[in-house]
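Q: give the three-dimensional model of this entry:
(one chain, ligands or ions: 1)
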Amino acid sequence: MKQIYSLFNYQNPFLNFNKIPIVKMIKYNLFFRQPQLHYVDIELVFKTDKNKEIELYMPTWTPGSYMIREYSKNITQLHIYNKEQHLIPYTKTSKNTWSFYADSGSTYYIRYQVYCNEISVRTNHVDGEHALLNGAATFITIKGYENERHDIYIKPHSEWDKISSALLSTGNKWERHAVNYDELVDSPIEIGNQEVIHFEVKNVSHELAIVGRSNIPTEKVVADLKLIIEKELLLIAQPHPCKRYVFILIHTDQIYGGLEHKNSSVNMVDRWNYTTREKYLQVISLLAHEYFHLWNVKHFRPVELGPFNYHEENYTRQLWSVEGVNSYYDDYFVYWAGVCSRKEYLDIVAKNINTTINTAGDKLQSLTESSFDAWIKYYHKNENSNNTQVNYYVKGAAVSTALNLLILDKTQGEKSLDDVIRALYSLYLQRPERGYTEEEFLSICEEVGSCHLKDFFKLHIYGTTPIDYAYYLSLAGLKLIENKANPAFYLGWKIENKAGRFILTQIENESDSAKAGLNTFDEILSIDGYRMESDWEKFLSKKKEKDRVKIIVSRYGIVKNFELTLTHNQKKSHSIEEIATPDERQLKIRNCWLKKG
Ligand SMILES: [Zn+2]
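A: Model (predicted):
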């Protein structure tokens, strides 16, 4: 047993720590000694109430991102000390658990480092500029202590001045607390020198933490966000569930995504994502999406999603009703708030339909299957995924549009999917401890729509029968118009330039390239006798339909020749137009959907 803290090659950061008396059971001290090496040093302090075997564990995944991420792989230098700073032996019992024997009434210090060098909304990133910490990826906890208050104290890097987190402060801005472990996991922390904008909507204080250099038009983003939040609240028609809400918006390079939390969200976009109108709307729609999760999943939720088992997959067939329904509403709120025009909104609806019907996997995998297998498929995409999988976000949004129009039609504009949302939230308010089952979701839709929807669900949500989108849009006096065929030849491949080598990264099963015998991972050397270049389409500019083209590839180092027959794009693309003379019923439904106050 050693009394000297010898974990690190430098002086123990915790010995000089300005320690705060342990009032509650569990407390973490976080120390950023070497952010440039991507480490956070953590000390977990807790007191036992009796002699017992203590089990420590770390989640393997984080709610909202349905993939086992093995966060404990980033833990190093875990050591346990007693009050006298004696090392206590422990056993690593599984990939994410540790155990040791503790005496009654004693205080223990579990010290470990976390390596944080994965920049994404569900992992940790620490460098000289900032720290983004996600609870599941950071905090080891103690089995049986999950419902205790978890306090944290942060000693920031000397050049960092700001902290953004939904965790409530205890008075000192660097001290925060969570009412339990779930709240800690659900409250990401951004530390650095971010720009922080405060604003209020309906007496609820909001914070926008802008991280990283970008060309963000801050005032416009804040103004648009306020309008969108007002509409989300208008739809919910209940008091705001938060006292305070924090948007963490991180600018980086070619990353786009968000992760919802109960009082905050982490959003990551490319730093130049504001250069075009379309890209700007994507960012606003992302923020609207994560915010609406406040209700959809963070309050009313599929029964399988909470309480969470942090050790393994939490399977549900209902991710489509979380992410698909939310993907319908994110763009809808952007439109309803007046941030985009009706034409822009209908273009987005058409894009969701086009993407869905042109994905080969749409015919093979249902929304419920896609949801259930998210853990092994959606989050583990490979070169063949588009041939076999459907995206429960995009198709979920398209199906939600159809379901909304169906309910509007059956109730002659009296009810809509909005009423389903309100009913789900009411059910939650009456019964917060349990989420909804698949049957309950369906029966709420049927009750709101005063109609049978079993067939709709069976065919289009539990099954893969194609949806007649034109029919559902016609209920609102809208026409799904097939656009002119794209004159370009369609080879059904995706090519990526990897350090000057042109690699086929995807091939559609029914495409001309597949028929010619090309494979994913082939490196294309030439097309029609021309050495491969990034703007290879020009090689085909004088070709006609049915012309044959020689393609030379390298397959695992062996050069191979193929002949491909050119055909025009068979993919269908549509746009949505308003019928100039809708009948009374169509006009009523159209107005209920698109002309709300
Ligand atoms: Zn989402």
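
Q: next, count neighbours for whatever residue of the stretch 101-250 of the chain ends up closest to the ion.
A: Here the stretch 101-250 of the chain gets closest to the ion at one residue, Val121, 10.5 Å apart by Cβ to the ion. In short, each C-beta sits where N, CA and C put it, glycine included. Using other Cβ atoms under 10 Å, Val121 is surrounded by 24 other residues.

Q: ok, Ile68 next?
A: Around Ile68 there are 17 other residues, counting by other Cβ under 10 Å.

Q: am I right that it is in a helix?
A: No. Counting by DSSP: H, G, I helix; E, B strand; the rest coil, Ile68 is not part of a helix but coil.

Q: flag the shaky bits of the chain, pLDDT-wise.
A: Along the chain, segments meeting pLDDT under 70 span 1-24, 597.

Q: need the residues of it near the ion, please.
A: Residues of the chain lying near the ion by Cβ under 5 Å from the ion: Glu323, Asn326.

Q: can you check which helix is longest in the chain?
A: helix 218-236 (DSSP state H).

Q: quick one: contacts of that one?
A: Residues from elsewhere that reach helix 218-236 (Cβ atoms under 8 Å, 6 or more residues apart in numbering): 195, 197, 199, 201-202, 206, 208, 210, 240, 247, 283-284, 287-288, 291-292, 294-295, 333-334, 336-339, 418, 421-422, 425.

Q: kindly report the same for stretch 440-448.
A: By Cβ under 8 Å, 6+ apart, stretch 440-448 touches 302, 318, 321, 403, 407, 411, 415-416, 419-420, 423-424, 427, 436, 452-454, 457.

Q: tell me the contacts of the residue of the stretch 101-250 of the chain closest to the ion?
A: When contacts are counted by Cβ under 8 Å, 6+ apart, Val121 touches Ser65, Asn134, Ile250, Gly257, Gly258, Leu259, Val266, Asn267, Met268.

Q: let's have the residues you listed in TSV, adding secondary structure.
A: Supplementary listing: those in TSV, determined by three-state DSSP:
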residue	secondary structure
Ser65	strand
Asn134	coil
Ile250	strand
Gly257	strand
Gly258	strand
Leu259	strand
Val266	strand
Asn267	strand
Met268	strand
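
Q: farthest pair in those?
A: With Cβ to Cβ as the measure, no two of the contacts of Val121 lie farther apart than Ser65 and Ile250, at 15.5 Å.

Q: so the two - more neighbours on which side?
A: Ile250 (25 against 18).

Q: so how far is the helix or strand Phe333 falls within off the chain centroid?
A: Using DSSP states H and E, Phe333 sits within helix 325-336. Here helix 325-336 is found 15 Å from its chain centre; the criterion is Cα atoms, centre = their mean, to the nearest Å.

Q: on contacts alone, who are the packing partners of it?
A: helix 218-236, helix 277-292, helix 342-357, helix 394-410, helix 417-430 (3 or more Cβ pairs under 8 Å, 6 or more residues apart in numbering; DSSP states H and E).

Q: and with 7 Å instead?
A: Here helix 325-336 touches helix 218-236, helix 277-292, helix 342-357, helix 394-410, going by 3 or more Cβ pairs under 7 Å, 6 or more residues apart in numbering; DSSP states H and E.

Q: of those helices, which stretch is the most buried?
A: Highest mean neighbour count among those (mean count of other Cβ atoms under 10 Å): helix 394-410, with a mean of 24.

Q: packing partners of that one?
A: Here helix 394-410 touches helix 325-336, helix 342-357, helix 367-372, helix 417-430, helix 438-449, helix 454-460, helix 469-474, helix 584-594, going by 3+ Cβ pairs under 7 Å, 6+ apart.

Q: what lies in contact with that helix?
A: With contact meaning Cβ atoms under 7 Å, 6 or more residues apart in numbering, helix 394-410 is reached by 320, 323-325, 327-328, 349, 352-353, 355-356, 362, 367, 415-417, 445, 448-451, 456, 460-461, 467, 469, 472-473, 475-476, 589, 592-593.

Q: kindly report the same for stretch 299-315.
A: 59-60, 63, 68, 96, 136, 241, 297, 316, 318, 321-322, 372, 375, 424-425, 427-428, 434-437.

Q: would you mind splitting the protein into its domains for me?
A: For the chain, automatic domain parsing gives the domain ranges 26-191, 195-292, 319-479, 493-565.

Q: ends of the second one, how far apart?
A: Translated: domain 195-292. 24 Å (Cα to Cα, to the nearest Å).

Q: now swap in the third one and tell me
A: Using Cα to Cα, the end-to-end distance of domain 319-479 comes to 29 Å.

Q: and for stretch 160-174?
A: Chord length of stretch 160-174, first to last residue, is 11 Å (Cα to Cα).

Q: quick one: buried residues of it?
A: Buried positions in stretch 160-174, judged by neighbour count with 16 or more other Cβ atoms under 10 Å: Trp160, Lys162, Ile163, Ser164, Ser165, Ala166, Leu167.

Q: surely the third one and Ser169 touch.
A: So the one you mean is Ile163. No. In this structure, Ile163 is not within contact of Ser169 by Cβ atoms under 7 Å, at 8.7 Å.

Q: picking that back up, what about burial for the contacts of helix 394-410, which qualify?
A: Judged by 16+ other Cβ under 10 Å, buried ones among the contacts of helix 394-410: 320, 323-325, 327-328, 349, 352-353, 355-356, 362, 367, 415-417, 445, 448-449, 456, 460-461, 467, 469, 472-473, 475-476, 589, 592-593.
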